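1. Here is my input, please return the structure:
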Amino acid sequence: MVTFFESSLNTISVHHVGNSSQNEMYALSDAPITLKDEIIPKLLMQYFLTPFEKTNEVYHLMHSSGDINLNEIFHFCTEVFEDENRFHEVSQQIAKYLYGISNHPKIKPGEVYVAFFSAVQLEGEAVDAIGIFKSETKETFLKVYPQEGGFGLDYEENAININKLDKGCLILNTQKEEGYKVVVIDQTNRSQEAVYWKDEFLQLKIRNDNFNQTNNTLSIYKNFVTQKLDDEFDMSKADKIDLLNRSMKYFKEKETFEIDEFTGEVLGNDQAIESFKNYKQQYEQEFETVIPDSFEISDNAVKKQARVYKSVLKLDRNFHIYIHGDKDLIEKGFDDAKAMNYYKVYFKEEQ
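-> Here you go, the predicted model:
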C-alpha cells in the first residue's frame, strides 16, 4: 500500500501519444508544466496517487535477457534518479518509447504524464519516485455557476475525471539492483491488446515475497479444485466448495504455510495430494516462478483471495445455497418421479 501524506509533486511534464499503427503521431511539450498555485498540485496528487493506496502487489522491472540495464524504463528512471535536471528530456524519451510500442489497433491515444515525487512511502520506506500515467478516457462535465437572478449552466467536453486514473505506475528509488520497486494500475486492461502497459512498456515481474507466495498458492489451489480435479475424480460442486472453504480456513488460521501440512489437512487424499503438487510444479515451470513449500502467510493476500473464492452453489435460476461449514449437512440425490436432482440440507434452527 502506497501512502503519500508527506509527499510532494516536484515536477511534471505532459505529452500526447497516439496510436502508431493508426498513423497517429505524438506531440512533445517543450518544458515541464508550471504549477502556479497550491490547488493544481493537490488535485494532481489525488488523481495520480490515490489509486495506489489499495495496491498490494509490488513488482520489479525486468528484461527477458536477464540484463536489467536493457529495460528501457529502468534506464530512463536511473538517469533521472542520478540527475533530476534531466527530468524533462527523459520524459520526452519515455513518451516516444511508449508511442513506439502503441501499435495494436485498439490502443487508445491519450496524454502521458511523467511526474517526479518526493517522500512517497511504500512498506514503511519514504523515497523519491517517478510516476508515469496515461489518460485515455475523456468525459463531459456540467458546470453550474451563479449569475444575476439565478444560475447559469455550461459544460466542458473532453475533460478528465480525477477520480478515474486509466493507467499508471510508480517506480520507487529503492532496490535498484533488483529492478526498483514498482506498483502499477491498469483500469482499462480488459482485453489482450491492453497488456502492452505491463508486459511491453514496463516489462514487469512480480516480486516473490510472502504476499505473492500466498496469493499465487491460493490461486493455484483454486484453479486446481475448479479445473483439474474433474479430470481425476468424480466430484460434486458441493465437494469442491468444501475443499475451497477448507483451504481458506487453513490460510486464515495459520501463520505459516507448510505444503505437507496443508495438503494433508485440506485434501487428505494421497492421489489428490500428488496431483496438486504436480499442478503447482507445472505452474512454477510455466511462469518461471518458484513458490517455496514453506512461507509466512500474508493476511492481505488472504483477504484479496477471499473475495474471489466462491462458496455459492447455484441451482438453476431458483436457488443459491451458501456453504460455509460442514459439508456433511448437505446431501445430493435424484428424484425419479420429478426426474430432477435435489439437495437435502440439515439444520437445527432458522436465523
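2. all helices of the stretch 101-250 of the chain, in order?
-> 210-223, 237-253 (DSSP state H, counting those that start in this stretch).
3. which one of those lies closest to Thr140?
-> helix 210-223 (38.6 Å; C-beta to C-beta). From N, CA and C alone the C-beta is placed, and that goes for glycine too.
4. now the angle from the closest one to helix 237-253?
-> 170 degrees (axes from the mean of the first three to the mean of the last three C-alpha atoms, to 10 degrees).
5. Give me the neighbour count for the closest residue to Leu218 other than its chain neighbours.
-> In space, and not counting its chain neighbours, Leu218 is closest to Gln305: 4.2 Å by C-beta to C-beta, 6 or more residues apart in numbering. By other C-beta atoms under 10 Å, 21 other residues sit near Gln305.
6. Ok, the one 3 residues further on next?
-> Using other C-beta under 10 Å, the number of residues around Val308 comes to 9.
7. how close does the spatially closest residue to Tyr155 that is not a sequence neighbour get to Asp30?
-> Spatial nearest neighbour of Tyr155, excluding adjacent residues (C-beta to C-beta, 6+ apart): Leu142 at 5.3 Å. Using C-beta to C-beta, to the nearest Å, Leu142 is found at 33 Å from Asp30.
8. if we can go back for a sec, what sits against the residue nearest to Tyr155?
-> By C-beta atoms under 8 Å, 6 or more residues apart in numbering, the contact list for Leu142 reads Leu153, Asp154, Tyr155.
9. Give the closest residue to Lys138 in space, chain neighbours not counted.
-> Closest to Lys138 by C-beta to C-beta, 6+ apart is Asn158, at 4.4 Å.
10. I misspoke; the intended subject was Pro146.
-> Pro146's closest residue in space is Gly152 (C-beta to C-beta, 6+ apart), at 7.6 Å.
11. can you check Ile330 too?
-> Here the residue nearest Ile330, using C-beta to C-beta, 6+ apart, is Val345, at 5.2 Å.
12. which SS class is Thr289?
-> Three-state call for Thr289 (DSSP: H, G, I helix; E, B strand; the rest coil): coil.
13. and Thr289, how many neighbours?
-> The number of residues near Thr289, taken as other C-beta under 10 Å, comes to 14.
14. right, I mislabeled it, should have said Asp30
-> Asp30, neighbours per other C-beta under 10 Å, totals 7.
15. One more: Ile297?
-> Around Ile297 there are 20 residues (other C-beta under 10 Å).
16. max-length strand in the chain?
-> Ranked by residue count under DSSP state E, the longest strand found in the chain is strand 110-122.
17. so can I have TSV of the helices of the stretch 101-250 of the chain showing distance to Phe48?
-> Converted to TSV, the helices of the stretch 101-250 of the chain look like this (distance: least, C-beta to C-beta, whole Å):
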stretch	distance to Phe48
helix 210-223	23
helix 237-253	33
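18. Now do the contacts for Phe117.
-> Phe4, Ser7, Ser8, Leu9, Asn10, Leu49, Asp128, Ala129, Ile130, Gly131, Leu170.
19. any idea how far it lies from Val2?
-> 10 Å.
20. Overlap in contacts, these two.
-> Leu49, Leu170.
21. and stretch 236-249, which residues are buried?
-> Neighbour counts over stretch 236-249 (16 or more other C-beta atoms under 10 Å) mark Lys237, Lys240, Ile241, Asp242, Leu243, Leu244, Asn245, Arg246, Ser247, Met248 as buried.
22. correct me, but the fifth one touches Asn269?
-> Okay, so that is Leu243. No - using C-beta atoms under 8 Å, Leu243 is not in contact with Asn269; the gap is 10.2 Å.
23. and Thr140, how many residues sit next to it?
-> Neighbours of Thr140 (other C-beta under 10 Å): 9.
24. Pull out the buried residues from stretch 91-104.
-> By 16+ other C-beta under 10 Å, the buried positions in stretch 91-104 come out as Ser91, Gln92, Gln93, Ile94, Ala95, Tyr97, Leu98, Tyr99, Ser102, His104.
25. Where helices are concerned, which of these count?
-> Members of these lying in helices (criterion: DSSP state H): Ser91, Gln92, Gln93, Ile94, Ala95, Tyr97, Leu98, Tyr99.
26. can you put the residues you listed in CSV and add pLDDT?
-> CSV is the format used below for those (pLDDT from 0 to 100):
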residue, pLDDT
Ser91, 98
Gln92, 98
Gln93, 98
Ile94, 98
Ala95, 97
Tyr97, 97
Leu98, 96
Tyr99, 95
